[in-house]
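*Asks:* I would like to see how this sequence folds:
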Amino acid sequence: MITPFRTADGEVRIGTKMGETDVARPAKEFANNNPAYITFANDMIDSGFTPIFEWCSRKQRIVIDYPEDRLVLTAVRDNVHGQYMPYAELVRLAEKYELDVVKALDGKVNNIHEFITMVRELKNLEGFVIRFDDGHMIKVKADEYVKIHRAKELFSFEKDIWTIILDEQLDDFLPLLEQEDQDRLSEFASKLNSAILAKANELKAKVDAWIRANGPDQKSFAVEFVNNNEVGIAANERSLMFMIKAGKNAVDVVRKYVRSQCNTATNIDGVRSMVAELKWGRYTNVNSD
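*Replies:* Now for the predicted structure:
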């Protein structure tokens, strides 16, 4: 969502709800290259209104792919009363200033249930906004869009990415992403699984070496090896070594333990040393917290 605002020096700026951010910069460049948008913004601000646009661009794709940059007028709002301008007036202003304006559904909706079913089945579209005369608005979104958007949200948090991989849900998740994101996630998953395998082999080798040299006595294994600080076994690996000695599969042991720590970013940091210090943030420009 993009809105223009005027600063104390009289200049019209372009921003998001957070202000004149980096996210808004491409929209600002677009508006500066299409002066009708700046003229329109000035006229609306002078009249006590705030125009609202949606920036659609492949440069900042979220879900839907927009092959051409578009700054689409979606609403004009009264600064005092908060009322939205009727759609017909919105279209009139867009024609006057030669602006791109949001399209309305042709015809009428006679059955709301059939309409919702139709929208939910849409492909490569977000859906519709139902606007009532009193200003109330409701979004009706396509099922495909909702799935992809949820996938994008999960993509933003490292703990969710680790969970998807360790719960073996990657095959269901990957088709919802763009190819570039699929490639990055697949690479990270491969590195994470390889690191777990390497750690499992390391722990198994240490356990086997101790048993060969000292025998299977559990007390000696615990006192002289696992819990002996001079040996240097990491605290979060000690219980895993006992399970491996008891005959449990080393890869399963390590994998289940790492998975159990995926509930918070802090816990993930605590097991990062077990997986070669892997960080999801290195594979994407999204923060890893």
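
*Asks:* all helices of the stretch 101-250 of the chain, in order?
*Replies:* With helices called from DSSP state H, counting those that start in this stretch, the stretch 101-250 of the chain shows them at 112-120, 143-155, 158-166, 170-173, 179-214, 218-220, 235-245, 250-260.

*Asks:* quick one: those helices as TSV, columns for mean pLDDT and distance to A24 too.
*Replies:* Glycine gets a C-beta too; all of them are placed from N, C-alpha and C. Formatted as TSV, the helices of the stretch 101-250 of the chain follow (pLDDT from 0 to 100; distance: least, C-beta to C-beta, whole Å):
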stretch	mean pLDDT	distance to A24
helix 112-120	92	29
helix 143-155	75	20
helix 158-166	90	27
helix 170-173	82	30
helix 179-214	93	23
helix 218-220	94	64
helix 235-245	95	44
helix 250-260	97	39
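
*Asks:* could I get those as CSV with mean neighbour count?
*Replies:* Converted to CSV, the helices of the stretch 101-250 of the chain look like this (neighbours: other C-beta atoms under 10 Å):
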stretch, mean neighbour count
helix 112-120, 13
helix 143-155, 16
helix 158-166, 21
helix 170-173, 13
helix 179-214, 16
helix 218-220, 10
helix 235-245, 17
helix 250-260, 18
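
*Asks:* export these to JSON lines and tack on distance to S47?
*Replies:* Shown next, in JSON lines, are the helices of the stretch 101-250 of the chain (distance: least, C-beta to C-beta, whole Å):
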{"stretch": "helix 112-120", "distance to S47": "34"}
{"stretch": "helix 143-155", "distance to S47": "35"}
{"stretch": "helix 158-166", "distance to S47": "46"}
{"stretch": "helix 170-173", "distance to S47": "48"}
{"stretch": "helix 179-214", "distance to S47": "43"}
{"stretch": "helix 218-220", "distance to S47": "83"}
{"stretch": "helix 235-245", "distance to S47": "64"}
{"stretch": "helix 250-260", "distance to S47": "58"}
